[in-house]
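Enquirer: sequence and computational prediction follow.
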2 protein chains.
Amino acid sequence: MGAHTVTSFDEELGQVGRLVDRMGELAGAMVGEATHALLQSDSALAQRVIAQDALMDSRQRELDERAITLIARRQPMADDLRAVVGAIRMAGDFERIGDLAKNIAKRVDTVGQTVAPRELVHPIDSMAALVLDQVRDVVDLYGARDAAGLVELRNNDERIDVRYTSVFRELLTYMMEDPRNITACTHLLFCAKNLERIGDHVTNIAENAYYVVTGEQLPLNRPKSDEMAAPPPAV
Amino acid sequence: MGAHTVTSFDEELGQVGRLVDRMGELAGAMVGEATHALLQSDSALAQRVIAQDALMDSRQRELDERAITLIARRQPMADDLRAVVGAIRMAGDFERIGDLAKNIAKRVDTVGQTVAPRELVHPIDSMAALVLDQVRDVVDLYGARDAAGLVELRNNDERIDVRYTSVFRELLTYMMEDPRNITACTHLLFCAKNLERIGDHVTNIAENAYYVVTGEQLPLNRPKSDEMAAPPPAV
């Protein structure tokens, strides 16, 4: 083997880490563009997000292969093994965020074809902004190895759940007011649910990032609310 | 180290494989009980499913730890590495099936409290039976190392997608007919979506099982339809 092909464990681990960073950036871009496309009924932008999902999948496959080969060849122990396994898990969550963004993008045209989409889409606006902030923050906090910030971010997920329950109720009300809203609101409910699930993946990423940074697990159970706890809205 | 603590790679791999089998059996039981609870408005059974999710999570953590330690200590190559990585991936999909079953179970009480739940739940009946068959089949086919059967199963996912689109349209019609159905139908739409996603995870499991059994990847893209392709039902 020539000297130029010899790499250290740290170099290889760094390559895996950079792939995680790139997946995180792509996930943030996809969520931002998917929600923008939904709010603006921008069909071309939605198509772009749908196409990006293949790039996300190929990055995850590359990361998985590199990380697993690294474990098999280098037999890392303790901290190093934790870093590689943490990278695999974070990549899995970023890939699923991309998948959820794609699913939102796929609903853009259906929602846009219905009556008064602007008014119906409005409740999702602030929820989308909140989720997008969380996705970008977790990428930044992991990059900065900010353990305290990751704990705070993880505990913020409750805010998305509360917002989701409110959006859920508001969309149900629009459906009850006018049956012509039902198709669009149904797709918007799925979009809101996807945003809430993106928030859950951000939480997973924050927990894995915390584990990689500190070597300690965050407690598994945090408070969690959902729309099932809310009474149905009055007609 | 005493002789009684010395295990072979094959023994350790067998332990990981048995954990996958147990996760598969639990996933099948959870899907069966969650859909039965939904169709019968059986609150106690739903609570049982919700409680089982913690067992699923702990099995996945155990499997992940064993599999990763195995890779790090034994440096398996080619076939053996593939078997361990395949087990990790299959475990991830079974865990998510358990999570989706739990989500269906959490909706049982809300749906049961509404008017005429029996009639509204009916469209989901045959879809649930189809999905449950798929979950049980993938566990059996993997156990039997039946590569041809796994390919056939993977290609059957389209049937679930078609059924889902039909359920989606039927539930939308009930909502349009009577606004009092909207809350229950919304939760049932999420249940149907969860069943469809369980079908997607069965597909992933079939693909990973095929890879473990044969050493070859199935092509990534298969035909895929969803409710966005269907025109909205007439009011």
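Expert: Ah, there it is. Residues are numbered from 1 along each chain as shown, chains lettered A, B, ... in the order given.
Enquirer: can you list the weak-confidence ranges in chain A?
Expert: Within chain A, the ranges that satisfy pLDDT under 70 run A:1-6, A:115-117, A:219-235.
Enquirer: is the helix ranked longest in it positioned near chain B?
Expert: As assigned by DSSP state H, the longest helix anywhere in chain A is helix A:78-112. Yes: Helix A:78-112 reaches chain B (CB under 8 Å from any CB of the partner chain) through A:81, A:85, A:92, A:106, A:107, A:109, A:110. In this view, the C-beta of every residue, glycine as well, is placed from N, C-alpha and C.
Enquirer: just the buried ones from those residues?
Expert: Among those, those buried by neighbour count (16 or more other CB atoms under 10 Å in any protein chain shown) are A:81, A:85, A:92, A:106, A:107, A:110.
Enquirer: the second one - nearest residue in space that isn't next to it in sequence?
Expert: Pointing back at residue A:85 there. Of all residues not flanking residue A:85 in the chain, residue B:68 sits nearest, at 5.6 Å (CB to CB, 6 or more residues apart in numbering or on different chains).
Enquirer: so what's the residue count around the one you found?
Expert: 19 (other CB atoms under 10 Å in any protein chain shown).
Enquirer: also residue A:45?
Expert: 17.
Enquirer: distance-wise, check it relative to residue A:109.
Expert: 11 Å (CB to CB, to the nearest Å).
Enquirer: and the longest helix of chain A, what other elements does it pack with?
Expert: Helices and strands touching helix A:78-112, by 3 or more CB pairs under 8 Å, 6 or more residues apart in numbering or on different chains; DSSP states H and E, are helix A:9-40, helix A:43-74, helix A:117-143, helix A:182-214, helix B:43-74.
Enquirer: now these as TSV including distance to residue A:168?
Expert: Formatted as TSV, the helices and strands packed on helix A:78-112 follow (distance: least, CB to CB, whole Å):
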stretch	distance to residue A:168
helix A:9-40	16
helix A:43-74	23
helix A:117-143	9
helix A:182-214	6
helix B:43-74	20
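Enquirer: so which of those helices gets nearest residue A:102?
Expert: helix A:43-74 (4.3 Å; CB to CB).
Enquirer: let me know the angle separating that closest one from helix A:78-112.
Expert: Orientation check (axes from the mean of the first three to the mean of the last three CA atoms, to 10 degrees): helix A:43-74 against helix A:78-112 gives 160 degrees.
Enquirer: how big is the angle separating helix A:43-74 from helix A:9-40?
Expert: 160 degrees.
Enquirer: quick one: helix A:43-74 to chain centroid distance?
Expert: 14 Å (CA atoms, centre = their mean, to the nearest Å).
Enquirer: so which bits of that helix are buried?
Expert: A:45-46, A:48-50, A:52-53, A:56, A:59-60, A:62-64, A:66-68, A:70-72, A:74.
Enquirer: what's the answer for stretch A:128-139, then?
Expert: Buried-residue list, stretch A:128-139, by 16+ other CB under 10 Å: A:128, A:130, A:131, A:132, A:134, A:135, A:136, A:137, A:138, A:139.
Enquirer: now these as CSV including distance to chain B?
Expert: As requested, the buried residues of stretch A:128-139 are arranged in CSV below (distance: CB to the nearest CB, whole Å):
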residue, distance to chain B
A:128, 19
A:130, 21
A:131, 18
A:132, 23
A:134, 20
A:135, 20
A:136, 25
A:137, 24
A:138, 20
A:139, 22
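Enquirer: from residue B:98, how far off is residue A:88?
Expert: 20 Å.
Enquirer: looking at the two, which is more packed in?
Expert: residue B:98 (29 against 22).
Enquirer: which residues touch that one?
Expert: Shown in contact with residue B:98 (CB atoms under 8 Å, 6 or more residues apart in numbering or on different chains): B:23, B:26, B:27, B:30, B:52, B:53, B:56, B:57.
Enquirer: would you agree the fifth one is in contact with residue B:29?
Expert: Yes: under the criterion of CB atoms under 8 Å, residue B:52 lies in contact with residue B:29, with a separation of 7.5 Å.
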